[in-house]
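Peer 1: Need the 3D shape of this:
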Amino acid sequence: MKAIKLASVFAVTAVAAAVSSTTFAAEGVFSGNAGIEYVAVDNGNNDLSGTNEGEVEINVDTGVVFAEIEIATSGGDEGTKIGMEKLYVKQGALSFGRFDGTVATGSFMGMDEIWGGVDLRTAGDTDNTGIRYKVTPELTVAIEATESISAKAAGFKFDEETGSTPTAAVEAQDSDIGAAISYVQDFGGFKAGISGGSVGDANAVNLGLQADAGPATLSLNYGSGATGLTGATDVERMTVSVALAATDALTLTLEYSQDMETDGEPSATYFVGEYVSGDLTYYVKNYAGDTSAPTVDAGSERTIVGVKANF
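Peer 2: Got it, this is the predicted structure:
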């Protein structure tokens, strides 16, 4: 009996040691890029910079916890931005934590330089809190929540690039808790998906289609919904993109997006051309249009030329 107990103790100890080593011995996977680029802006300041294009990304996967940390240049002298992009727990098909995005845009396909689908947004978005369950490889369901907001008086915010800017007063808000779902089916050379959800009074529905045509990949996306604390702001957007692998070294991608809800239905294009030679990637980017997008200043048409190395 003692021998059995002793053997059990050794077995449990061995398993615990194995789990412990698996959990804590995971090494970070580093990736990123560095380079230099010239930005020509219509009605703005042109800029030659070695700090616009640069980031280091660290991925750590213990099998139970996944973390993604991004360290990026901010464009200023020695300016650095550090962000915890993803940090979540994995338990089989279930995962929970921060995902840096919403399941509601899971069907979006293709280039997303201007827009990446209609997401769930009240006073804030649902990036920081989610519980996801992958029912099948194609179907994911989730519970998502916005962060609570503390009341703040009007004041000023300092930024190393723009200096001090006034900020409006903010009312206190509780977390909004909602649900999202995404279904994407790959038919081989053709994919179709639908996704959406609601949180508080905000809601979103997105449709995505993607097809391969030889060296080209065509993507079509449509999204609609409502944003804001009362869901009073309607959103309707359409995005079409084409990615062409002209050669093994040359890739050309073009995105066209249109805001179908705003008066005048503003639209824009975003073009990216990349040529890989050895360790270096030469690129040109161009934004032209009048949309108000998170990644592009409204009305600031620009052309970017640069060279970078990835690692």
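Peer 1: ranges for the strands of the stretch 101-250 of the chain?
Peer 2: For the stretch 101-250 of the chain, applying DSSP state E, counting those that start in this stretch gives strands covering 129-134, 139-145, 155-159, 163-167, 177-186, 190-199, 202-213, 216-227, 233-245, 250-259.
Peer 1: What pairs with the fifth one, parallel or antiparallel?
Peer 2: Strands flanking strand 177-186 in the sheet, each with its direction: strand 139-145 (antiparallel), strand 190-199 (antiparallel) (DSSP bridges).
Peer 1: Show me which residues of the shortest one are buried.
Peer 2: For strand 139-145, the buried set under the neighbour-count rule, 16 or more other C-beta atoms under 10 Å, comprises 140, 141, 142, 143, 144, 145. To be clear about C-beta, it is placed using only N, CA and C from the backbone, and glycine gets the same treatment.
Peer 1: Who are the contact partners of the second one?
Peer 2: Applying C-beta atoms under 8 Å, 6 or more residues apart in numbering, we find residue 141 in contact with 103, 132, 133, 135, 179, 180, 181.
Peer 1: Quick check: PyMOL command selecting the buried ones in those residues.
Peer 2: To isolate the buried ones among the contacts of residue 141 in PyMOL, judged by 16+ other C-beta under 10 Å, type:
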select buried, resi 103+132+179+180+181
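Peer 1: Dump the contacts of residue 141 into a markdown table; add pLDDT and distance to residue 212 as well.
Peer 2: Below are those laid out as a markdown table (pLDDT from 0 to 100; distance: C-beta to C-beta, whole Å):
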| residue | pLDDT | distance to residue 212 |
| --- | --- | --- |
| 103 | 96 | 25 |
| 132 | 98 | 28 |
| 133 | 98 | 30 |
| 135 | 98 | 26 |
| 179 | 97 | 32 |
| 180 | 97 | 28 |
| 181 | 98 | 26 |
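Peer 1: Dump the contacts of residue 141 to TSV, plus distance to residue 227.
Peer 2: Listed next are these as TSV, based on distance: C-beta to C-beta, whole Å:
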residue	distance to residue 227
103	17
132	22
133	25
135	27
179	17
180	14
181	18
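Peer 1: Hmm, residue 115 is touching residue 258, no?
Peer 2: No. Using C-beta atoms under 8 Å as the test, residue 115 is too far from residue 258 to be in contact (9.6 Å).
Peer 1: Give me the neighbour count for residue 164.
Peer 2: Residues lying near residue 164 (other C-beta atoms under 10 Å) number 10.
Peer 1: Tell me the predicted confidence for it.
Peer 2: Looking at residue 164, its pLDDT stands at 72.
Peer 1: Mind listing the shared neighbours of residue 115 and residue 258?
Peer 2: Common neighbours of residue 115 and residue 258 (C-beta under 8 Å, 6+ apart) are 237, 239, 291.
Peer 1: Sort out which one of these lies nearest residue 73 for me.
Peer 2: Nearest to residue 73 among those, counting by C-beta to C-beta, is residue 291 at 25.6 Å.
Peer 1: How about residue 59: what's its closest non-neighbour residue?
Peer 2: Among residues not flanking residue 59 along the chain, residue 29 sits closest, at 4.5 Å (C-beta to C-beta, 6 or more residues apart in numbering).
Peer 1: Quick check: which ranges of the chain have low pLDDT?
Peer 2: Residue ranges of the chain with pLDDT under 70: 1-27, 44, 154-155, 158-163, 169-170, 292-299.
Peer 1: Helices of that one, start to end?
Peer 2: 2-24 (DSSP state H).
Peer 1: can you count the residues close to the nearest residue to residue 178 once chain neighbours are set aside?
Peer 2: Using C-beta to C-beta, 6+ apart and skipping residues adjacent in sequence, the residue nearest residue 178 is residue 199, 2.9 Å away. Neighbourhood size, residue 199 [other C-beta under 10 Å]: 27.
Peer 1: Ramachandran angles for residue 118?
Peer 2: The phi/psi pair for residue 118 (degrees, to the nearest 10) reads phi -90, psi 120.
Peer 1: quick one: contacts for it?
Peer 2: 104, 105, 204, 205, 206, 223, 224, 225, 235, 237.
Peer 1: I figured the fourth one was touching residue 198, is that so?
Peer 2: Right, the one you point to is residue 205. No. In this structure, residue 205 is not within contact of residue 198 by C-beta under 8 Å, at 9.6 Å.
Peer 1: Check whether residue 49 really touches residue 39, as I assumed.
Peer 2: Yes. In this structure residue 49 lies within contact range of residue 39 using C-beta under 8 Å: 7.1 Å.
Peer 1: quick one: which of those two has more around it?
Peer 2: Legend: neighbour count by other C-beta under 10 Å for residue 49 and residue 39, higher for residue 39 (19 against 16).
Peer 1: Alright, that wraps it up for me.
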